[in-house]
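> Any chance you can model this:
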Amino acid sequence: MRLSTGAEEETIHFGEILGRSLRAGDAVLLDGELGSGKTTLVRGMARGVGYRGRVSSPTFALAHVSRGKRLTLHHLDLYRIRESETGELGLDELLNDPRGAVVVEWPRAARWPKRRIEVRLTHVKNGRAIAVVDMRQRDRAQARAK
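Have a look, this model is predicted:
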């Protein structure tokens, strides 16, 4: 799926829709240059899982937790992390949280499950473009075919 958003609120609204679709164990990988709207999208995702607090980038903290009414959102920023350092983050525990989903900015430093959502954000004239590949659907279709 591809869409364009102009105002920040449109990106937040799309994030909210995406957040409502999340289930425990989901991984959302956000890719895009600095300032492309990754954290803005996460603000909406947090709303979508029922969180009403402030959402900011975990650039220096590495992780923030937003405990929503429906789901906990583990928000990671791996911009400063090398692949050799990801073992110390406890990613397996986060991905296996029975009440949580994981959303990751700059996900290239780690390996992720096949069942995931990949989101690419880019700057375009008058806003941003968002491309979404939902690999959860492929996983469900393969399971039904067996």
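> count of residues packed around residue 15?
Using other CB atoms under 10 Å, residue 15 has 28 neighbouring residues. Where C-beta positions appear, they are placed from N, C-alpha and C, glycine not excepted.
> What lies in contact with the helix or strand hosting residue 101?
Using DSSP states H and E, residue 101 falls within strand 100-105. Strand 100-105 is contacted from outside by 22-30, 38-39, 42, 45, 49, 57-58, 71-79, 91, 94-95, 110, 112, using CB atoms under 8 Å, 6 or more residues apart in numbering.
> Over to stretch 4-19?
Here stretch 4-19 has contacts from 3, 28, 37, 40-49, 73, 117, 119, 124, 126-130, 132, using CB under 8 Å, 6+ apart.
> Give the rounded mean pLDDT of that stretch.
In this model, stretch 4-19 carries a mean pLDDT of 93.
> which residues touch residue 25?
Here residue 25 is in contact with 95-97, 100-101, 115 (CB under 8 Å, 6+ apart).
> From the residues you listed, keep the buried residues only.
Taking 16 or more other CB atoms under 10 Å as the criterion, what is buried in the contacts of residue 25 is 95, 100-101, 115.
> With pLDDT as new columns, can these be given to me in a markdown table?
Listed next are the buried ones among the contacts of residue 25 as a markdown table, based on pLDDT from 0 to 100:
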| residue | pLDDT |
| --- | --- |
| 95 | 89 |
| 100 | 96 |
| 101 | 96 |
| 115 | 87 |
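> Can you say which of the contacts of stretch 4-19 are buried?
Neighbour-count burial (16+ other CB under 10 Å) applied to these gives 28, 37, 40-49, 73, 117, 119, 128-130.
> So which of the residues you listed sit within strands?
Judged by DSSP state E, these include 28, 73, 117, 119, 128-130 as members of strands.
> Could you list the low-pLDDT ranges of this structure?
Scanning the chain for pLDDT under 70 picks out 84-88, 138-146.
> Just list whatever residues bridge to the spatially most central residue of it.
The centroid of the chain falls nearest to residue 103 when counting by CA atoms, centre = their mean (3.0 Å). Taking DSSP bridges, one finds residue 28, residue 75 as the beta-bridge partners of residue 103.
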